[in-house]
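Peer 1: here's a sequence, model it:
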Amino acid sequence: MSPPEVHVVSHPLVQHKLTLMRQKDLSTSSFRRLLHEISMLMAYEVTRGMPTELIDIETPLEPMRSPVIVGRKTVFVVVMRAGNGLLNGMLEIVPGARVGHVGLYRDPKTLIAVEYYFKMPHGMHERDAIVLDPMLATGNSAVAAVDRLKETGPKSIRFVSLLAAPEGLAHFHQHHPDVPVYTAAVDRQLDEHGYIRPGLGDAGDRLFGTR
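Peer 2: Numbering: from 1, shown residues only. Below you'll find the model as predicted:
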């Protein structure tokens, strides 16, 4: 079996914007805007292998067959609530994609993911799923989300995070070695509370101004 795939998106624009997002005094509106911009940039890497089909068009000079993205076969799966921050940027790049939602919260004592909502488009067996969750920390929420998603039988699954911890990556790929992870950075470690260090704090709190 091939080793699990981890793709670190090292483009200078992504890394520059991530550095700005890490700063503790950044405003909520700026954090939200930067996450939106990074998600658009990361979409180019995540969608590199997405399927296309040839269609007949007319250029100003002659007819031809040319490729277009089969967007209706792509599903962005949002892990609520923080995953919403990645969604709109991805949809700007792939506007024809469908959207599914997985509602999870992390129990503060056990750090175990608890599900409260799950809704996917119909016909998942024909679709490629891209899971969106900014923080891959302990990996518990990521494992739980992909566990549920696999029950719907999608053609493929990719996981997108803004930041990942080594412990979370190891835990996630122990359960789902077939799912590639795309992230902007793999940070040093988790602390005793399950937060990524040096990290950027709680992405959901900073995104919605609830910190």
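
Peer 1: burial of the closest residue to Leu54 other than its chain neighbours, as a residue count?
Peer 2: Nearest in space to Leu54, with sequence neighbours left out and distances taken as CB to CB, 6 or more residues apart in numbering, is Arg65 at 4.5 Å. All C-beta atoms are positioned from the backbone trio N, CA, C, and that covers glycine. Arg65 is surrounded by 9 other residues when neighbours are defined as other CB atoms under 10 Å.

Peer 1: any buried residues in the helix or strand that Arg65 is a member of, and which?
Peer 2: Assignment of secondary structure by DSSP states H and E places Arg65 within strand 63-69. Using 16 or more other CB atoms under 10 Å as the burial criterion, the residues of strand 63-69 that qualify are Ile69.

Peer 1: send me that strand as CSV with only the CA atoms.
Peer 2: As requested, the backbone C-alpha atoms of strand 63-69 are provided in CSV (Å, rounded to 0.1, in the frame of the first residue of the first chain):
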residue,chain,number,x,y,z
PRO,A,63,-15.9,25.4,-34.0
MET,A,64,-13.9,23.1,-31.6
ARG,A,65,-14.1,20.7,-28.8
SER,A,66,-12.7,22.0,-25.5
PRO,A,67,-12.5,20.8,-21.9
VAL,A,68,-14.7,22.0,-19.0
ILE,A,69,-14.8,20.9,-15.4
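
Peer 1: can you name the next helix or strand after that strand?
Peer 2: Tracing the chain past strand 63-69, the next element assigned as helix or strand by DSSP H and E is strand 74-80.

Peer 1: other SSEs contacting the helix or strand that comes right after that following strand?
Peer 2: Reading on from strand 74-80 to the C-terminus, the next helix or strand found by DSSP H and E is helix 84-93. Helices and strands in packing contact with helix 84-93 are listed as helix 28-46, strand 74-80, strand 128-132, strand 156-164, helix 203-208; criterion 3 or more CB pairs under 8 Å, 6 or more residues apart in numbering; DSSP states H and E.

Peer 1: who's in contact with the residue lying farthest from the centre of the chain?
Peer 2: Of all residues in the chain, Leu61 has its C-alpha farthest from the mean position, at 40.8 Å, by CA atoms, centre = their mean. With contact set as CB atoms under 8 Å, 6 or more residues apart in numbering, Leu61 has no partners.

Peer 1: state the distance from Leu207 to His171.
Peer 2: Summarising the geometry, the distance separating Leu207 from His171, computed by CB to CB, to the nearest Å, is 24 Å.

Peer 1: which one of those two has more residues nearby?
Peer 2: More neighbours sit around Leu207 than around the other of Leu207 and His171, counting by other CB under 10 Å; the figures are 21 against 18.

Peer 1: which ones are touching that one?
Peer 2: Contact partners of Leu207, counting by CB under 8 Å, 6+ apart, are 28, 31-32, 35, 81-82, 84-85, 134.

Peer 1: among these, which one has the lowest pLDDT?
Peer 2: Taking the contacts of Leu207 together, the minimum pLDDT is found at Arg81 (82).

Peer 1: give the burial count for the spatially closest residue to that residue that is not a sequence neighbour, as a bare number.
Peer 2: Sequence neighbours aside, Gly204 is the residue nearest to Arg81 in space, at 5.1 Å (criterion: CB to CB, 6+ apart). Burial of Gly204 is recorded as 18 neighbouring residues (other CB under 10 Å).
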